[in-house]
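Novice: Fold the stuff below for me.
(2 chains)
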Amino acid sequence: MPYLEVDDLHVGYGQIAALKGVSLSVEKGQLVTLVGANGAGKTTLLRTISGLLRPSRGSVNFDGQRIDAMEAHKIAGTGLVQVPEGRRIFGRLTVSENLELGAFTRNDKAEIMADKERMMTVFPRLKERFRQLAGTLSGGEQQMVATARALMARPKALLMDEPTMGLSPIMVEQVFDTIQTIHAQGVTILLVEQNALMALSVADYGYVLESGHIVLEGQGDALVDDERVRHAYLG
Amino acid sequence: MAVQIPEDRLKIARLSRISIVDVLLWALRIGVLGVVIAGTIGTLINGRYGWTQWVDFVVFGLTLGSIYAQIALGYTMVYGVLRLINFAHGDFMMSGAFSAFFVANAFYRSGFLESHPVPALLCILITSMIVSTAVALLAERFAYRPFRRVVGLAPLICAIGVSFFLQQTFRGMFGSSIRAYPDPSWQRATISFLGIEVQAVELLVIGLAVLFMIGLYLIVQYTKMGKAMRAVAEDGDAAALMGIDVDKVVVFTFMLGGAMAGIAGVFYCFVYKQVYFYMGFTPGIKAFGAAVLGGIGSIPGAVLGGFFLGLVESVGPALFLDGLGIPGPYQLRDVIAFTLLIMVLIFRPNGILGERLGKKRA
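Specialist: From the prediction side, this is the model:
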């Protein structure tokens, strides 16, 4: 059984169907990328997996447990943690407090402190900003806070929703470096990106979502070379 | 993108954008400012009040202010977390104060309140806190939670309904008469300091209120739940993604707000020495004004707004109105308080420390 499995998921906003039977699976330790245009339903899918939206049909299983009826905070407690679209850091809290809240479900105080120190070595930029309000940071730094905050939960799997949105090319590369580092440490990742070429080239496996359907799937490099993907997303 | 527009053209554009409403608003500003300044000068020239009396006014203002600040904290925290204006908050305060009145009365009759003020006061405060907190939690669970995801006016109307419900419940159980709060001799004691006589009970109220507010600040700033509360106030969904149980945080918020209201209720009784079923309304609405004045959603703002409103209400009538020759300026206290609220709503709807409304989460 796959580590994270989405089966025939239907989600709608009122009368409007956003996902019309999406199925995908992520094996333990894999980095899987989901690409698609604006409005394809990528964010809806991640919000549903995380429990912020309820599906009208279908199921989500994670680590041998059915989670599609669970509340969002309980899903986070199972080790499936999301880095949401637009970063959504707590701007009026300090960087340090943001990281502490990332570890909200944990109770091992000493370990949390150690992890906070570790984040400073992963993201040296945050060290200088530690006591600063997170809202005063630049976009790239805020992305670091969002990622570090999620890592503080010691997640078994990460859902990342467009982590490179609105960042400069240099920052985009740094974000991809970070993603690969996290992946190399054994964290399972489901990455949603508009930056299709880069996202697929680092992925073990990829899916293409189009108006609520999975239209294409395959090995990451195979998808990069696929004529249809090139045409639709890479120009 | 930069297109040069000649300076004089810009000036004309700006002038033509000034509307009749702007002119009226400026006239209002200048008018109010004029009245305040004229009144102040008049009062000071008159010299009817000595400086001991001014100190009296200020101490009374701080006393009232500390009570308003405590109530305002409940409004502002609930608004921060739920974006709900909890119009029943004044009645949470009344519920606690009314219940504690029976304890106080029993202690007074038995002489315990007279002979052992400290344990008696502690019992009264704890009773009030427990009842206010319980009422707040029940209201949250049974009235507000079903409205959590409802947008529009329904939650607000629900809050007004809870307010009526509490008032009429207490009226039904205990009648509509105004009851005198026990008044032991230690509450009437005065303290002389540099030739100024100050009521001991006022200093007690200010001191304890500040102590409790510092306690609240420490809880919100440094405990895990306090941090979670600030996170939920900023972005509930993101907080849930971090594993924070938003329901628990909301309950925690109502608990803190209810406890502060309970304490404030006892203090309010110490100052006005009476209880009745409707007593929560006026301080409630004023504390709401104080929360708006400071910037609703902001905890330091609520404290600042509370003290500011208390001071204006206490010092204002003598300072602004007496000099204008208005007879019985103290009867216009509430007029000053509510004029201040209206002025804030017109000219600075975000309050002194409020966030910009446009920057609200999308």
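
Novice: Could I get the full set of strands for chain A?
Specialist: Along chain A, counting by DSSP state E, strands occupy A:4-13, A:16-26, A:31-36, A:57-62, A:65-66, A:80-83, A:157-161, A:188-193, A:205-210, A:213-219.

Novice: now do the stretch 151-300 of chain B
Specialist: Per DSSP state E, counting those that start in this stretch, the stretch 151-300 of chain B carries strands over the ranges B:179-180, B:190-193, B:196-199, B:274-275.

Novice: Output the contacting helices and strands for the third one.
Specialist: Meaning strand B:196-199. helix B:51-82, strand B:190-193 (3 or more CB pairs under 8 Å, 6 or more residues apart in numbering or on different chains; DSSP states H and E). All C-beta spots, glycine's among them, are computed from the backbone N, C-alpha and C.

Novice: Return the most buried member of those.
Specialist: Highest mean neighbour count of the helices and strands packed on strand B:196-199: helix B:51-82, a mean of 23 (counted as mean count of other CB atoms under 10 Å in any protein chain shown).

Novice: ok, and for whichever helix or strand comes after it, which residues are buried?
Specialist: Using DSSP states H and E, the helix or strand that follows helix B:51-82 in sequence is helix B:89-110. By neighbour count on 16 or more other CB atoms under 10 Å in any protein chain shown, the buried set for helix B:89-110 is B:89-101, B:103-105, B:107-108.

Novice: One more: stretch B:336-353?
Specialist: Neighbour counts over stretch B:336-353 (16+ other CB under 10 Å) mark B:I336, B:A337, B:L340, B:L341, B:V344, B:N350, B:G351, B:I352, B:L353 as buried.

Novice: Between those, which sits nearest A:K42?
Specialist: B:N350 (35.3 Å; CB to CB).

Novice: follow-up on the earlier one: ok, of the helices and strands packed on strand B:196-199, where does mean pLDDT dip lowest?
Specialist: When these are ranked by mean pLDDT, strand B:190-193 comes last with a mean of 79.

Novice: Report all helices and strands that it contacts.
Specialist: Using 3+ CB pairs under 8 Å, 6+ apart as the contact test, the elements touching strand B:190-193 are strand B:196-199, helix B:200-222.

Novice: circling back to that earlier point, closest to B:V266 out of the helices and strands packed on strand B:196-199?
Specialist: Each of the helices and strands packed on strand B:196-199 has some distance to B:V266 by CB to CB; the shortest is helix B:51-82, at 9.6 Å.

Novice: what about that closest one, distance to the chain center?
Specialist: Centroid displacement of helix B:51-82 relative to its chain, using CA atoms, centre = their mean, to the nearest Å, is 6 Å.

Novice: quick one on the thing from earlier: output the buried residues of stretch B:336-353 in TSV; the columns should cover secondary structure.
Specialist: Formatted as TSV, these follow (DSSP: H, G, I helix; E, B strand; the rest coil):
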residue	secondary structure
B:I336	helix
B:A337	helix
B:L340	helix
B:L341	helix
B:V344	helix
B:N350	coil
B:G351	coil
B:I352	coil
B:L353	coil
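
Novice: Let's have those in CSV, adding pLDDT and distance to A:N38.
Specialist: Below are these laid out as CSV (pLDDT from 0 to 100; distance: CB to CB, whole Å):
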residue, pLDDT, distance to A:N38
B:I336, 84, 54
B:A337, 84, 51
B:L340, 83, 48
B:L341, 82, 45
B:V344, 81, 42
B:N350, 80, 33
B:G351, 78, 37
B:I352, 76, 41
B:L353, 76, 38
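
Novice: In terms of distance to chain A, which of these ranks first?
Specialist: Nearest to chain A out of the buried residues of stretch B:336-353 is B:L353 (CB to the nearest CB; 11.7 Å).

Novice: which parts of the stretch 51-200 of chain B sit against chain A?
Specialist: Taking CB under 8 Å from any CB of the partner chain, no part of the stretch 51-200 of chain B reaches chain A.

Novice: Could you check which residue of the stretch 51-200 of chain B lies nearest chain A?
Specialist: Nearest to chain A, among the residues of the stretch 51-200 of chain B, is B:G80, at 10.3 Å (CB to the nearest CB).
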